[in-house]
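*Asks:* please find the sequence and the predicted model below.
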Amino acid sequence: MLWKEMRDAVKDAESTVRLADGLAEDMAKLLKGRLRNCYVGDLCELKRELKGFNMATGQWKKLGD
């Protein structure tokens, strides 16, 4: 793979991640009030991830904290 191809692939990946982050925001809005319809395993994983979020400050805990 040439350097230009690698650089283009990285730029494409960064763009995809930005789009996914925007979709995550939209999905969170859609999920409100509908979580009772979700698979229990997915809810457990979601709750585990949300443990890293402090509602009082609106900040995520730093990795390793």
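*Replies:* Perfect, thanks for sending it. Source: prediction; values computed, not measured. Numbers count the residues shown, from 1 in each chain.

*Asks:* residue 56 falls within a helix, correct?
*Replies:* No - under the criterion used here (DSSP: H, G, I helix; E, B strand; the rest coil), residue 56 is coil, not part of a helix.

*Asks:* and the pLDDT for it?
*Replies:* Residue 56 is assigned a pLDDT of 94 by the prediction.

*Asks:* same question for residue 65.
*Replies:* Listed pLDDT for residue 65 reads 64.

*Asks:* distance from stretch 56-65 to the middle of the chain?
*Replies:* 15 Å (C-alpha atoms, centre = their mean, to the nearest Å).

*Asks:* could I get the full set of helices for the protein?
*Replies:* With helices called from DSSP state H, the chain shows them at 3-31, 40-50.

*Asks:* switch these over to a markdown table; also include mean neighbour count.
*Replies:* In this view, the C-beta of every residue, glycine as well, is placed from N, C-alpha and C. Below are those laid out as a markdown table (neighbours: other C-beta atoms under 10 Å):
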| stretch | mean neighbour count |
| --- | --- |
| helix 3-31 | 10 |
| helix 40-50 | 10 |
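
*Asks:* and these as JSON lines, adding mean pLDDT?
*Replies:* Listed next are these as JSON lines, based on pLDDT from 0 to 100:
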{"stretch": "helix 3-31", "mean pLDDT": "93"}
{"stretch": "helix 40-50", "mean pLDDT": "94"}
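
*Asks:* include distance to residue 59 when you put those into JSON lines, please.
*Replies:* Conversion of those to JSON lines gives the following (distance: least, C-beta to C-beta, whole Å):
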{"stretch": "helix 3-31", "distance to residue 59": "17"}
{"stretch": "helix 40-50", "distance to residue 59": "13"}
